[in-house]
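S.K.: Got a predicted structure here, sequence first:
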Amino acid sequence: MELMEALRTRRAVREFTHAPVEGPVIEALVAAAILAPSAMNLQPWAFAVVPGTARLRAFSDPIKQQVAAHLPADSPLAGHLADPRFEIFHGAPVLVVVCATDGGSQSAEDCCLAGESLMLAAHARGLGTCWIGLARPWLNLPAVKAELGIPAGLVPVAPIVVGHPQGRTAATARNDARIVWCR
């Protein structure tokens, strides 16, 4: 897939088939992710892989409760979180969490770049992805990191579900770019 086509056609996928994504495919996506640029080429990332639709589904309610406890009263997310049918991980078969390996000033941004590269590589393979920002605070809880086996020194930055899309995701409109030409 040509780069500009990938950029134009990649979508956040929120409906997945039950087909698994095999380990070698995840390894190939991670290999693409680590090609991302990083400040001073420090490459401050590690990847935690959490497989299993049922396992991810079981995490949905605790995450929704944790997020709801910290939402402003007028948040538009409240309705989603209260809906028992809403699953945080959208029924995906695997979660890949890009984690910062240190607290460096650019590490989180570098992990975001790696996450975008992973998402584009998945799209080029016909897979769907969705960045699950709501899960990040929960994934950073020490008890959750211990349960999942994420080393305490890693900081989850980019939780991304990966799976086989169930149909096509429609394009959403983009606003015109705001460009400020500086002198």
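M.R.: Yes, it's here.

S.K.: What sits closest to residue 12 if chain neighbours are left out?
M.R.: Using CB to CB, 6 or more residues apart in numbering and skipping residues adjacent in sequence, the residue nearest residue 12 is residue 130, 4.6 Å away. For every residue, glycine as well, the C-beta is placed using N, CA and C.

S.K.: Likewise for residue 39?
M.R.: Nearest non-adjacent residue to residue 39, counting by CB to CB, 6+ apart: residue 106, 3.7 Å away.

S.K.: so what secondary structure elements neighbour the longest strand along the chain?
M.R.: In the chain, taking DSSP state E as the definition, the longest strand is strand 155-163. Packing partners of strand 155-163 (3 or more CB pairs under 8 Å, 6 or more residues apart in numbering; DSSP states H and E): strand 94-100, helix 107-124, strand 128-131, helix 136-139.

S.K.: deepest of these, which one?
M.R.: When the helices and strands packed on strand 155-163 are scored by mean count of other CB atoms under 10 Å, the highest mean neighbour count falls to strand 94-100 (a mean of 25).

S.K.: so who does the residue most central in space within the chain touch?
M.R.: Nearest to the geometric centre of the chain sits residue 160, at 1.9 Å (CA atoms, centre = their mean). For residue 160, the contact set (CB atoms under 8 Å, 6 or more residues apart in numbering) comprises 95-98, 115, 118-119, 129-132.

S.K.: Residue 102 versus residue 52, what's the distance?
M.R.: 29 Å (CB to CB, to the nearest Å).

S.K.: Turn the contacts of residue 160 into CSV, including pLDDT.
M.R.: Below are the contacts of residue 160 laid out as CSV (pLDDT from 0 to 100):
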residue, pLDDT
95, 98
96, 98
97, 98
98, 98
115, 98
118, 98
119, 98
129, 98
130, 97
131, 98
132, 98
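
S.K.: Among the residues you listed, which one lies nearest to residue 169?
M.R.: Nearest to residue 169 among those is residue 130, at 9.5 Å by CB to CB.

S.K.: bridging residues for the closest one?
M.R.: residue 161 (DSSP bridges).

S.K.: Many thanks, have a good one.
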